[in-house]
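Student: what would the 3D arrangement of this be:
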Amino acid sequence: MTQLANRHTAAPPAGDEPLTEQLTLRTDEDLLTARHAVRAATVKAGFGIIDQTRVVTAASELARNAYVHGGGGTLTIDYPRRGTRTGLRLTISDRGPGIPDVEAALADGFTTGAGLGHGLGGARRLMDDFEVHTTVGEGTTVIATRWTGPCR
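Tutor: Numbers count the residues shown, from 1 in each chain. From the prediction side, this is the model:
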């Protein structure tokens, strides 16, 4: 029965609500604010509790990567449409050192620090669409989208 909670099509956010929200990722408090903002956005988009948890977890991993490895950055939340389906798109950007080998960074076990190495690859598995744009020495942008409804 829990799966059924994730299989409904949501309406887009109401017309008077902002369709895009941008947050800075420069402090530990910003990471917490980002988690809360993404959680609220998943509710607004109409996700069930399981997909809410997936999106918030992915957002937390990506925001933390931008903060820790990229020296801070931004998180933009918006709601793309695909036919009758609403998505929640997270765009996380930083001006850090970039990722020299994206494929290696997406593999489980890859870490540049003391972590377990599940962050980037784990975030990719939790979302429906996932893109990494990076230039060594200039920074990284990750665009991750989760769609409402049963067809992923």
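Student: excluding sequence neighbours, find me the nearest residue to the residue nearest the centre of the chain.
Tutor: Geometric centre of the chain, nearest residue: Ala59, 3.7 Å, by CA atoms, centre = their mean. Excluding its sequence neighbours, the residue lying closest to Ala59 (CB to CB, 6 or more residues apart in numbering) is Val38, at 4.1 Å. Backbone N, C-alpha and C define where each C-beta goes, glycine included.
Student: so after the helix or strand containing that neighbour, what's the next helix or strand?
Tutor: With elements taken from DSSP states H and E, the one containing Val38 is helix 28-45. If you walk from helix 28-45 toward the C-terminus, the next helix or strand you reach (DSSP H and E) is helix 49-68.
Student: need the per-residue pLDDT for Gly121.
Tutor: For Gly121, the pLDDT comes out at 89.
Student: the residue nearest to the centre of the chain touches Arg35, doesn't it?
Tutor: Yes: using CB atoms under 8 Å, Ala59 makes contact with Arg35 at a distance of 6.8 Å.
Student: let me see the contact set for the residue nearest to the centre of the chain.
Tutor: 34-35, 38, 75, 90, 92, 144 (CB atoms under 8 Å, 6 or more residues apart in numbering).
Student: check contacts around the residue nearest to Ala59.
Tutor: Each residue near Val38 by CB under 8 Å, 6+ apart is listed here: 55-56, 59-60, 75, 77, 88, 90.
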